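A.B. asks: Take a look and give me a structure for this.
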Amino acid sequence: QNTRFDQIQPAVDAANPDDTIEVKSGTYDESVTIDVEGLTLEGPNVGIDGDSDQRGAEASFEVGGAITADNVTIDGVELTTGSGFSSVTGQNTVIRNTAADVDGSAVVRLEAGSDGTVITQNSFTGDGGNFLINARQGARDGASPIDSVELTDNSFENVTGEGKTAIQAAGFTNAEISGNRFDGISEDAVRLAGNVSGTELTDNEFSNYAQDSSISGGDIDAGAVVAVDVSGDVGISENQFNDAGGDNVYVNTILRNDPAALDLDAIADSNTFDSDVIANETVIIPSDTPADPEPSPDPANFGVSLST
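C.D. replies: Down below sits the predicted model:
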């Protein structure tokens, strides 16, 4: 049985578990909360990568609302600026083939309970708040981490505005961050924080990051990858660093990282850089860098807060 609605939210409210809602092209002046288990939301560009030139007219609605049910799939839509972020607390959410052009707020914030989230084949651009994909739960407060997240084969381009980061992976355990392309990022492309045991950062491509960074008020250099208070065994390998960014740093580890979590010599040996590199106790930088980057600040004065 097919029932037609003029807006997305009434269709969600009327749906049963495991239903599929087909969203036709057009602009929907609403944000959407999904609380129906197994619901699939399909836009007109279902199955087409977010950055593909084969995409047709979009079904566009605002970032906002929440995904509170398990096993929800969103495929082939466009997300635009809304009044907040999409909070995910359900398990096994899939967001794919989506084009997100968002200013002033995160596109997705992963909260406690969002284990198994898959974000793949999307395109992200815009201001996006501090982080386009954000997860702060479990970073420093001892709460349970978020397990088995997959962030794969996405593009992050022209993430503008002072101090904007593409991904904050805070408290991600056994996560896969791979196959993503980062180009034109205001600050760091990927920020690791808290317990990241079992997480793998592989086969990503980094270009033109740290274009307008402001970590600790600009006192700390941004890299393609920045690690803050990291613990656990994390792998960073087989990535392509096409340049050293605006701050001339590839990887920067700041503020009380567990040395066992980040072997910078091994990272230098297992990734591809556009130049010869030097790895010391805190950074990986081009070998022709004239002077060491600034030292890490006193934690009491550090300007990047991970509180929720």
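A.B. asks: which other residues reach stretch 45-59?
C.D. replies: Residues from elsewhere that reach stretch 45-59 (C-beta atoms under 8 Å, 6 or more residues apart in numbering): 23-26, 28, 43-44, 75-78, 97-100, 121-124, 153-155, 157. From N, CA and C alone the C-beta is placed, and that goes for glycine too.
A.B. asks: Got a PyMOL select line for the buried ones in those?
C.D. replies: Per 16 or more other C-beta atoms under 10 Å, the buried members of those correspond to this PyMOL selection:
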select buried, resi 23+28+43+44+75+76+77+78+97+98+99+100+121+122+123+124+153+154+155+157
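A.B. asks: Which strand residues bridge the most centrally placed residue in the chain?
C.D. replies: Taking C-alpha atoms, centre = their mean, the centroid of the chain lies closest to residue 167, which sits 2.8 Å from it. Counting by DSSP bridges, residue 167 forms beta bridges with residue 133, residue 190.
A.B. asks: pLDDT wise, what is it at?
C.D. replies: Residue 167 carries a pLDDT score of 93 in this model.
A.B. asks: residue contacts, it?
C.D. replies: 131-133, 151, 156, 177, 189-191.
A.B. asks: can you check residue 134 too?
C.D. replies: Residue 134 makes contacts with 85, 106, 108-110, 168, as judged by C-beta under 8 Å, 6+ apart.
A.B. asks: Please indicate which of the residues you listed has the highest neighbour count?
C.D. replies: Among the contacts of residue 134, residue 110 has the most neighbours (other C-beta atoms under 10 Å), with 30 neighbours.
A.B. asks: before we move on, the earlier item: quick check: of the contacts of residue 167, which lies closest to residue 115?
C.D. replies: residue 151 (13.9 Å; C-beta to C-beta).
A.B. asks: Summarise which helices and strands the helix or strand encompassing the closest one is packed against.
C.D. replies: In the assignment (DSSP states H and E), residue 151 maps to strand 150-152. If contacts are counted by 3 or more C-beta pairs under 8 Å, 6 or more residues apart in numbering; DSSP states H and E, strand 150-152 sits against strand 118-120, strand 176-178.
A.B. asks: mind showing which ranges of the protein have poor pLDDT?
C.D. replies: Along the chain, the model assigns pLDDT under 70 to residues 1, 82-85, 128-129, 136-143, 217, 255-256, 290-308.
A.B. asks: Helices of that one, start to end?
C.D. replies: All helices of the chain, identified by DSSP state H, fall at 8-14, 264-269.
A.B. asks: Would you mind listing the buried residues in the longest one?
C.D. replies: Right, the one you point to is helix 8-14. Residues 8-9, 11-12 are the ones in helix 8-14 that count as buried (16+ other C-beta under 10 Å).
A.B. asks: neighbouring contacts of it?
C.D. replies: Residues from elsewhere that reach helix 8-14 (C-beta under 8 Å, 6+ apart): 3, 5, 21, 23, 28, 30, 32-36, 39, 41, 61.
A.B. asks: hmm, try it at 6 Å
C.D. replies: Residues from elsewhere that reach helix 8-14 (C-beta atoms under 6 Å, 6 or more residues apart in numbering): 5, 21, 28, 30, 32, 34.
A.B. asks: For PyMOL, what selects the buried ones among these?
C.D. replies: To isolate the buried ones among these in PyMOL, judged by 16+ other C-beta under 10 Å, type:
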select buried, resi 21+28+32+34
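A.B. asks: Identify the spatial nearest neighbour of residue 161, chain neighbours not counted.
C.D. replies: Leaving out its chain neighbours, the residue that sits closest to residue 161 by C-beta to C-beta, 6 or more residues apart in numbering is residue 127, at 4.4 Å.
A.B. asks: Next, count neighbours for residue 208.
C.D. replies: A count of nearby residues for residue 208, using other C-beta under 10 Å, gives 17.
A.B. asks: count of residues packed around the closest residue to it other than its chain neighbours?
C.D. replies: Nearest residue to residue 208, sequence neighbours excluded (C-beta to C-beta, 6+ apart): residue 184, at 4.9 Å. Residue 184 has 14 neighbours, counted by other C-beta under 10 Å.
A.B. asks: residue contacts, residue 184?
C.D. replies: 157-158, 208.
A.B. asks: Make JSON lines out of the contacts of residue 167 and add neighbour count and distance to residue 57.
C.D. replies: Converted to JSON lines, the contacts of residue 167 look like this (neighbours: other C-beta atoms under 10 Å; distance: C-beta to C-beta, whole Å):
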{"residue": "131", "neighbour count": "24", "distance to residue 57": "29"}
{"residue": "132", "neighbour count": "27", "distance to residue 57": "24"}
{"residue": "133", "neighbour count": "28", "distance to residue 57": "26"}
{"residue": "151", "neighbour count": "26", "distance to residue 57": "27"}
{"residue": "156", "neighbour count": "28", "distance to residue 57": "24"}
{"residue": "177", "neighbour count": "29", "distance to residue 57": "31"}
{"residue": "189", "neighbour count": "32", "distance to residue 57": "31"}
{"residue": "190", "neighbour count": "28", "distance to residue 57": "33"}
{"residue": "191", "neighbour count": "26", "distance to residue 57": "35"}
